[in-house]
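> Attaching a predicted model along with its sequence, questions to come.
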Amino acid sequence: MENKLKIQIWSDIMCPFCYIGKRRLENAITQFGHQDAIEIEWKSFQLDPNFIASEDDNLTEHLAEKYRKDRDWATEMLENMTQNAANSGLEFHFEKSVMANSLNGHRLLHLAKQHQLGSELKELLFKAYFTDGKDVNDKETLKNLGIEAGLDTNKIDEVINSNSFTKEVEEDMLMAQKIGVQGVPFFVFDNKYAISGAQHVETFVKTLEKVWEEGQFDSKITILNATSADSCGIDGCN
């Protein structure tokens, strides 16, 4: 196979299953054994593009109000998600979560993609939100994360102090709509097969092997695993 096996991933920085799905895919790629032949492209998706943060935001209360449940229900859901993440080697601290609109993070990710640093920044953004309790819409936080990922300081400033890459974020979301993305994470393998949700590692391994063995790519996407479980949509996470 001369061309790299390309994986496009639609996800949101604020989506817990997107971080879990990222780690499961990485574990699958390690088992797959052809890491050097794989190219990952991150695509933008916002679960709540109209969200406006305030100082009084509380994730537990937000979830309870959104789903018309009580705080105990929301607390239990977050505890279950934390355990789910731990099973993939991730450390979630929802008690420190700072709710934010993810647009600026996605815009910075498009800059990172231009410099082949998309995966590095994506990991840092996920960790900043889910583990470290940082505000991923704060300009100084984004700048520090961008620098840590390896981006040029001046280029970071140009992006976070402008509307650069807003069009690219919108185009990613429009493309997601066109190919039928109902929730994230959503993985497309060489524009041929798709997996919806943070599936088990074994599912990713089998898909990688299938694409690799076929070695023929076309533009028609076939969804191999479509499920509302272990994914987040505009109505919430399942």
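Yep, that arrived.

> Please report the number of neighbouring residues for residue 158.
Residue 158 has 12 neighbouring residues, counting by other C-beta atoms under 10 Å. C-betas here are computed from N, CA, C, even on glycine.

> ignore the last one, residue 114
12.

> got a pLDDT number for it?
Predicted confidence (pLDDT) for residue 114: 97.

> cool, residue 214 as well?
According to the prediction, residue 214 has pLDDT 88.

> Run through the residues that contact it.
Contacts for residue 214 (C-beta atoms under 8 Å, 6 or more residues apart in numbering) come out as residue 192.

> In the chain, what helix or strand scores lowest on average pLDDT?
strand 222-225 (a mean of 62; mean pLDDT, DSSP states H and E).

> Tell me the first helix or strand C-terminal of it.
Of the helices and strands lying after strand 222-225 in sequence (DSSP states H and E), the nearest is strand 232-233.

> So, low pLDDT: which residues of the chain?
1-2, 216-229, 234-235 (pLDDT under 70).

> now the strands for the chain?
Taking DSSP state E as the criterion, the chain contains strands spanning 5-11, 38-44, 186-189, 193-196, 222-225, 232-233, 236-237.

> which non-adjacent residue is nearest residue 198?
With sequence-adjacent residues excluded and distances taken as C-beta to C-beta, 6 or more residues apart in numbering, residue 198 is closest to residue 21, at 3.4 Å.

> roughly how far apart are that neighbour and residue 85?
11 Å (C-beta to C-beta, to the nearest Å).

> ok, these two, which is more surrounded?
More crowded of residue 21 and residue 85, by other C-beta under 10 Å: residue 21, with 27 against 21.

> ok, that one touching residue 197?
Yes - Residue 21 is within contact range of residue 197, at 7.1 Å (criterion: C-beta atoms under 8 Å).

> Can you report how many residues lie near residue 207?
Residues lying near residue 207 (other C-beta under 10 Å) number 23.

> ah, wrong one, I meant residue 84
Counted with other C-beta under 10 Å, residue 84 comes out at 16.
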